[in-house]
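Peer 1: just need the structure, nothing else, for what follows:
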Amino acid sequence: MRIIESSESSLRRLFMDNFTAAMIAEHLVSFDGDADAVATEAFMAGRKLRLAGVRREGRGVGYVRRDDLVAGKLQDHITPFEEDEVLSDSEPLVDVIARLQTRFQIFVNTLGHVGGIITRSDLLKPAVRMWLFGMLTIIEMSFAREIKHVHSEDWKKYISPGRIRKAE
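Peer 2: Residues are numbered from 1 along each chain as shown. Below is the predicted model:
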């Protein structure tokens with residue numbers, strides 16, 4: 001019994017601590033705040049970018065939406081980063097997923113600078129599928145342990161004879 005609990009605990013730690021925002025983040029294309037809005041919009045359209053970062057003195061300070069860039073400079077259209085929409089690149093994937101329930105995108109802070117973005121479509125990446133499969137495996141292990149602990153051998157009476165034959 002101790003081996004199963006230890007294995008389950010190790011798996012839980014593996015999937016909760018080691019699958020992070022960095023695994024699914026994309027580079028946030030950024031421009032200086034004094035860049036021309038119309039030229040930037042054309043660049044973004046050519047690359048199908050909906051958002052781009054804005055830098056001031058080399059540091060990311062916010063972002064612009066392509067649809068807003070009709071005239072002027074980027075700094076005229078900037079939306080500053082909000083504290084709750086910027087996560088560390090080491091943030092566990094479970095927290096990233098939770099945050100994306102209320103936002104269309106979150107930004108990723110790496111080495112003290114916002115340099116990445118995660119959108120809901122990034123949840124389709126293989127790393128997320130591997131994480132989800134791992135979490136389901138952990139849940140299955142927990143159920144199996146509890147069934148064995150609570151029902152010992154009498155659990156078989158709750159399952160049809162045909163299902164037991166297939167399992168055996």
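
Peer 1: what's the following helix or strand after the worst-scoring helix or strand of the chain on mean pLDDT?
Peer 2: Sorting the helices and strands of the chain by mean pLDDT, DSSP states H and E puts helix 2-17 at the bottom, at a mean of 67. Per DSSP states H and E, helix 2-17 leads on to strand 26-27 as the next helix or strand towards the C-terminus.

Peer 1: pull the distance from that next one to the chain's centre.
Peer 2: Averaging C-alpha positions (C-alpha atoms, centre = their mean, to the nearest Å) puts strand 26-27 12 Å from its chain's average.

Peer 1: need the residues that contact it.
Peer 2: 115, 116, 117, 118, 119, 122 (C-beta atoms under 8 Å, 6 or more residues apart in numbering). To be clear about C-beta, it is placed using only N, CA and C from the backbone, and glycine gets the same treatment.

Peer 1: for the third one, helix, strand, or coil?
Peer 2: Same thing as residue 117. Secondary structure, DSSP: H, G, I helix; E, B strand; the rest coil: residue 117 is strand.

Peer 1: residue 22 touches residue 93, doesn't it?
Peer 2: No - the pair residue 22 / residue 93 is not scored as a contact, 9.7 Å apart, by C-beta atoms under 8 Å.

Peer 1: got the contact list for the residue positioned nearest the centre of the chain?
Peer 2: Geometric centre of the chain, nearest residue: residue 96, 4.0 Å, by C-alpha atoms, centre = their mean. Contacts of residue 96 were listed using C-beta under 8 Å, 6+ apart, and they are 20, 21, 24, 87, 106, 118.
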